[in-house]
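Peer 1: Dropping a prediction and its sequence here:
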Amino acid sequence: MVDDVWKVVCKYCGLRLGAQSGTSSLRSHIATTCPAIGDADRNSFLDTIKKKSSDTFVFDPVLSRERMVQFVIHAEIEFNKFEDPYFEPWMESLQPTMKCVGRQTVRNDCLKMYEKMKQDLHNEFSVLDSRVCFTSDMWTSLQNLGYMVITAHYVDADFKLKKKIISLKEVKYPHTGYALEEAIVSSLTEWGLREKILTLTLDNAGNNTKACELIVQHHKHELLCEGAHLHVRCSAHILNILVQDGMELIHAAIEKIRELLKSIESSPSRIQNFNSIATNKGLKAKCGIYLDIPNRWNSTFRMVREALDYKSVLSTYAEQYLEVAPNEEEWSKAEAICVFLKAFEEATNLVSADRKPTSHKFLPLVLSIRYALNDPAWQNNEVFVDLATAMKVKFAKYWEPKPVPNESSLRRRKEYDFNIVIVIATILDPRRKFDYVEFFYEKVCSNFDQAEKCTKSAQDWLKKYFNEYERLARSDGSAFVSSSSGSTCTVGSPVLGKRVLEEEFADFKSRRRVVRRPKSEIDTYLEEDPAEDSKRFDVLGWWKARADQFPVLSTMARDFLAIPLSTVSSESAFSCGNRILGDTRGSLTPQMLEALVSAKDWLTIVQDKDKDKDDEGTHCFFYLQ
């Protein structure tokens with residue numbers, strides 16, 4: 001910032017250029033005038049801005065058709081658009097030799113591309129050497145058909161987290177636990193993933209819990225540790241339950257705000273009157289009024305937050321046009337809850353991420369929410385106290401360890417009601433390791449004895465899973481095992497007595513190593529100093545760099561760090577499905593809908609991957625000062 005104006009600074013020569021006048025001057029500076037830039041960087045930059053010459057272009061009708069189908073899928077284009085009378089003349093103006101096709105041909109091309117991409121994904125799964133975590137959710141379409149979506153989350157051999165929709169199929173009513181279990185198992189069998197499942201993230205509905213119990217009951221021989229920790233509860237759903245309980249305290253104020261905004265939104269003249277008042281008060285006019293979805297607390301939070309920005313305008317509008325508005329006390333409560341819920345909005349955004357690992361962030365997230373509910377700085381505010389009290393009840397139900405009635409029980413998951421695989425994911429964060437687990441249980445447990453038992457349980461399960469991974473590695477004939485017995489010594493020709501003694505000593509050392517046995521990977525990993533924490537820390541990159549040092553643990557890390565904390569990635573498929581169906585495509589079959597939604601998801605992944613490759617080949621020449 002120079003004299004209240006943003007400047008762009010050349011990384012090479014330090015020259016400051018205007019940031020608001022476009023990029024032409026920036027490109028010219030790098031391409032021709034910068035005295036400090038090297039020839040290699042300058043040539044690389046020039047290559048990136050060169051356009052292909054039309055003289056060398058050769059039209060490829062097959063490639064053009066393929067790119068068109070990709071566009072149709074990704075942009076959610078309706079098939080009947082290809083029968084618009086202006087479409088063919090437009091294409092002829094671009095390429096006279098291009099043969100235009102009709103809606104049925106485009107539909108068939110989309111199905112062919114979907115089947116090809118599906119086969120490619122099948123091939124990828126067939127050679128995948130890691131476990132897969134799944135999310136699933138139910139949706140009722142505009143056609144009043146029930147759909148189940150299943151999304152696979154996994155870390156590939158290059159330690160890259162991937163997300164793929166593998167199923168969007170109709171499920172007949174009623175959606176009982178038996179129906180859900182049958183649909184899930186059927187999809188996993190179709191993709192050959194039944195023996196690779198690690199966890200299944202679902203919301204807290206009773207039929208989902210029943211479905212998980214049935215999967216464990218019928219397929220526990222295919223699951224790690226017999227599926228003891230298969231069901232991961234959706235954290236976004238739990239956060240929603242927590243906040244909705246708190247929102248009930250200011251229900252009256254929220255309802256008044258909602259109804260007032262609905263009234264303003266109901267006609268253009270009312271919006272115009274609202275904007276006139278806003279302009280007179282020095283506020284920006286609004287093109288539209290944001291209204292919430294009542295069962296989505298974060299949308300309600302956004303609505304209330306925007307209403308607070310226009311509090312004076314809304315009050316004046318209500319007074320002039322005889323509408324009901326919140327009183328000062330209700331406005332005060334609304335303002336207080338917005339401050340309080342800011343932390344929960346950040347938490348929801350964290351657990352909703354699906355393109356980077358989140359499972360190792362769960363314990364810090366729980367502690368942050370717990371701290372917010374118990375923050376002594378808010379105890380003087382009556383609204384905060386009542387809000388926190390209401391939310392603590394649900395917090396204790398879902399996220400506080402329960403007392404252990406029977407230490408000898410093998411079903412620790414039932415005793416604590418706290419999925420231990422998320423705790424293990426935290427241990428596999430090299431910045432936190434086991435120290436954070438001990439710290440966490442000291443914070444959340446009611447007494448020292450309970451904290452000690454919870455910590456011991458986490459330690460036992462870590463070793464149990466490690467032993468299972470090590471056993472599988474040996475059974476697969478893999479070279480990585482953590483307790484190698486060392487190399488044997490071959491006695492050479494005893495030409496000299498010194499040579500004999502040296503080799504006997506080598507044999508003695510080898511036998512001693514067998515007796516002493518080296519430390520396990522777990523002990524070595526936990527005894528090392530924690531990695532340095534930073535905002536740019538890449539947990540998967542850390543394990544990739546140490547895969548040779550910790551072969552079994554790095555395999556575990558690939559699986560446990562892929563566990564999603566929420567079903568948001570599956571819910572996003574429904575948003576896409578809603579757009580694709582729309583009001584004019586209600587005749588799409590469930591099979592065609594699955595093809596379009598899945599293919600778009602796979603195309604998006606490919607697009608992101610290609611973008612990453614492009615980024616690796618370019619340089620950033622400027623930074624914003």
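Peer 2: It's in. Numbering: from 1, shown residues only.
Peer 1: Just the strands from the stretch 1-150 of the chain, written as ranges.
Peer 2: Using DSSP state E, counting those that start in this stretch, the strands of the stretch 1-150 of the chain run over 7-10, 16-18, 132-140, 146-155.
Peer 1: For the shortest one, which strands pair with it and how are they oriented?
Peer 2: Under the criterion DSSP bridges, strand 16-18 sits next to strand 7-10 (antiparallel) in its sheet.
Peer 1: looking at the strands of the stretch 1-150 of the chain, which is closest to T455?
Peer 2: Of all the strands of the stretch 1-150 of the chain, the one in closest proximity to T455, counting by C-beta to C-beta, is strand 132-140 (24.9 Å). Using the backbone N, CA and C atoms, a C-beta is placed for each residue, glycine as well.
Peer 1: in that closest one, what's buried?
Peer 2: With burial defined by 16 or more other C-beta atoms under 10 Å, the residues of strand 132-140 counted as buried are V132, C133, F134, T135, S136, D137, M138, W139.
Peer 1: Spatially nearest residue to the third one (excluding sequence neighbours)?
Peer 2: The shortest distance from F134 to any non-neighbouring residue, by C-beta to C-beta, 6 or more residues apart in numbering, is to L200 (5.0 Å).
Peer 1: So that neighbour, which state does it fall into?
Peer 2: The three-state label for L200, taken from DSSP: H, G, I helix; E, B strand; the rest coil, comes out as strand.
Peer 1: repeat for S446
Peer 2: coil.
Peer 1: Could you report the pLDDT at it?
Peer 2: As predicted, S446 sits at a pLDDT of 82.
Peer 1: Could you give the number of residues near it?
Peer 2: The number of residues packed near S446 is 10, by other C-beta atoms under 10 Å.
Peer 1: now do the one 10 residues further on
Peer 2: Taking other C-beta under 10 Å as the criterion, the count of residues near K456 is 14.
Peer 1: so it sits in a helix?
Peer 2: Yes: applying three-state DSSP, one finds K456 inside a helix.
Peer 1: Check the gap between it and Y178 for me.
Peer 2: Shown here: K456 relative to Y178, a distance of 37 Å by C-beta to C-beta, to the nearest Å.
Peer 1: Over to I427?
Peer 2: In this structure, I427 and Y178 are 36 Å apart, going by C-beta to C-beta.
Peer 1: ok, these two, which is more surrounded?
Peer 2: In this comparison of I427 against Y178, neighbours counted by other C-beta under 10 Å, the higher total goes to I427 at 26 against 13.
Peer 1: contacting residues for the more buried one?
Peer 2: Applying C-beta atoms under 8 Å, 6 or more residues apart in numbering to I427 gives the contacts K433, F434, Y436, V437, A458, L462.
Peer 1: rerun at 6 Å
Peer 2: K433, F434, V437, L462 (C-beta atoms under 6 Å, 6 or more residues apart in numbering).
Peer 1: for L145, same thing?
Peer 2: With contacts taken as C-beta under 6 Å, 6+ apart, L145 has the following neighbours: E170.
Peer 1: ends of stretch 356-364, how far apart?
Peer 2: End-to-end distance for stretch 356-364: 16 Å, by C-alpha to C-alpha, to the nearest Å.
Peer 1: Point out the one among the strands of the stretch 1-150 of the chain that comes closest to K210.
Peer 2: Distances from K210 to each of the strands of the stretch 1-150 of the chain were compared using C-beta to C-beta; the shortest belongs to strand 132-140, at 13.5 Å.
Peer 1: Check which helices and strands that closest one sits against.
Peer 2: Helices and strands touching strand 132-140, by 3 or more C-beta pairs under 6 Å, 6 or more residues apart in numbering; DSSP states H and E, are strand 146-155, strand 197-202, helix 568-581.
Peer 1: Tabulate the ones you listed (a markdown table), appending distance to A557, mean neighbour count and mean pLDDT.
Peer 2: Formatted as a markdown table, the entries for the helices and strands packed on strand 132-140 read as follows, by distance: least, C-beta to C-beta, whole Å; neighbours: other C-beta atoms under 10 Å; pLDDT from 0 to 100:
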| stretch | distance to A557 | mean neighbour count | mean pLDDT |
| --- | --- | --- | --- |
| strand 146-155 | 8 | 24 | 93 |
| strand 197-202 | 12 | 25 | 94 |
| helix 568-581 | 20 | 19 | 80 |
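Peer 1: Compare these and give me the one nearest V423.
Peer 2: Once C-beta to C-beta is applied to those, the stretch that comes out nearest is strand 197-202, at 13.0 Å.
Peer 1: about what we covered before: now intersect the contacts of I427 with the helices, please.
Peer 2: Using DSSP state H, the members of the contacts of I427 that fall in helices are K433, F434, V437, L462.
Peer 1: Now for the second one: which residues touch it?
Peer 2: Right, F434. In this structure, F434 makes contact with I427, L526, judged by C-beta under 6 Å, 6+ apart.
Peer 1: what do you get if the cut-off is 8 Å, keeping everything else the same?
Peer 2: When the contact criterion is C-beta under 8 Å, 6+ apart, the partners of F434 are I427, A458, Q459, L526.
Peer 1: tell me which element the closest residue to W542 other than its chain neighbours falls in.
Peer 2: Using C-beta to C-beta, 6+ apart and skipping the chain neighbours, the partner closest in space to W542 is P430 (5.4 Å). Counting by DSSP states H and E, there is no helix or strand that carries P430.
Peer 1: Next, give phi and psi for P430.
Peer 2: Backbone torsions for P430, taken as degrees, to the nearest 10, come to phi -60, psi -10.
Peer 1: Number of residues surrounding it?
Peer 2: With other C-beta under 10 Å as criterion, P430 counts 21.
Peer 1: ok, now how distant is it from H229?
Peer 2: Going from P430 to H229 by C-beta to C-beta gives 22 Å.
Peer 1: E323 too?
Peer 2: Here the criterion is C-beta to C-beta. By it, E323 lies 53 Å from H229.
Peer 1: Neighbour count for the two, which is higher?
Peer 2: Each of E323 and H229 had its neighbours counted (other C-beta under 10 Å), and the higher figure belongs to H229 (24 against 16).
Peer 1: TSV for the helices and strands packed on strand 132-140, including distance to F87?
Peer 2: Conversion of the helices and strands packed on strand 132-140 to TSV gives the following (distance: least, C-beta to C-beta, whole Å):
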stretch	distance to F87
strand 146-155	31
strand 197-202	43
helix 568-581	20
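Peer 1: Compare those and give me the one nearest R302.
Peer 2: It is, among those and with distance given as C-beta to C-beta, helix 568-581, at 16.5 Å.
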